[in-house]
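K.L.:
here is a sequence with its predicted model. Questions after.
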2 protein chains.
Amino acid sequence: MVGREESAILLYTVNYFDPKRISMAELNIIYVGKKPTMNYVLAIVTQFNNNVEQITIKARGKSISKAVDIAEITKHKFIKELKYQSIKLDTEVLEGERGQSNVSSIEILLTR
Amino acid sequence: MVGREESAILLYTVNYFDPKRISMAELNIIYVGKKPTMNYVLAIVTQFNNNVEQITIKARGKSISKAVDIAEITKHKFIKELKYQSIKLDTEVLEGERGQSNVSSIEILLTR
């Protein structure tokens, strides 16, 4: 199975070389991890410039703040007409070494 | 001027002693700061139990993740019928010692 980080990069790469192959909305997902904020911003801007119509930013736990930064920077510095189509909060149950734990999550759906 | 932390405590105290004095919606604001997550959750639960109808959780920067935790814990553990009436993201300009800086913010409007 491909990890979250790798799948984001994979999506970015596929999209970069052949934007037409990205057609289903569920593919346009950016998972926020430990990379610098601007990496995610530039991945999103590149996708919108390749005529992708909507992108979902997903984050969990402490990355939620970074997800909001990514959305706001993309909107205010790069794509002024960007809209927040929906913002969803949820709780996910993770299986860890010490049993189950709950972690908050956010999904920000961006459209232009 | 009263700081953010102090005003949240002040609101909580006033509300505790005389809930009828809290009538304007704009008073029901919880500013998320450095206190433990459960402090904010219990302040919100107490207010709803005192017949407050809506509460806004506001946070900036790294506290945004904590704001989402507070909302999700309040909803899933304490007040099942809670609804997210609106979730707004924004960017605020702060004046610091080294000039202006931008910080992301979130506003989560809770209603029951």
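P.N.:
Thanks, I have it.
K.L.:
give me the contacts around stretch A:57-65.
P.N.:
A:29-33, A:40, A:44, A:66-67, A:70-71, A:92, A:103-108, A:110, B:61-65, B:68, B:104 (C-beta atoms under 8 Å, 6 or more residues apart in numbering or on different chains). (Glycine included, C-beta is placed from N, CA and C.)
K.L.:
how long is it end to end?
P.N.:
End-to-end distance for stretch A:57-65: 12 Å, by C-alpha to C-alpha, to the nearest Å.
K.L.:
before we move on, what about stretch A:50-70?
P.N.:
19 Å.
K.L.:
could you give the mean pLDDT of it?
P.N.:
Mean pLDDT, taken over the full extent of stretch A:50-70, equals 96.
K.L.:
off-centre distance for that stretch?
P.N.:
Mean-position distance between stretch A:50-70 and its chain equals 4 Å (C-alpha atoms, centre = their mean, to the nearest Å).
K.L.:
all the helices of chain A, residue numbers only.
P.N.:
A:4-17, A:37-49, A:63-73 (DSSP state H).
K.L.:
so, low pLDDT: which residues of chain A?
P.N.:
Low-confidence segments of chain A (pLDDT under 70): A:1-27.
K.L.:
around chain B, pick out the residues from it.
P.N.:
Proximity of chain A to chain B (C-beta under 8 Å from any C-beta of the partner chain) is limited to residues A:61-65, A:68-69, A:71-72, A:76, A:84, A:87, A:89-91, A:102, A:104, A:106, A:108.
K.L.:
can you flag the buried ones in those?
P.N.:
A:61, A:63-65, A:68-69, A:71-72, A:87, A:89, A:91, A:104, A:106, A:108 (16 or more other C-beta atoms under 10 Å in any protein chain shown).
K.L.:
return the member of those nearest to B:Asn50.
P.N.:
Nearest to B:Asn50 among those is A:Leu89, at 24.3 Å by C-beta to C-beta.
K.L.:
next up, the contacts around the closest one.
P.N.:
A:104-106, B:68, B:71-72, B:84, B:87, B:108.
K.L.:
check chain A for me, the residue farthest from its geometric middle.
P.N.:
Largest separation from the mean C-alpha position in chain A: A:Arg98, at 28.5 Å (C-alpha atoms, centre = their mean).
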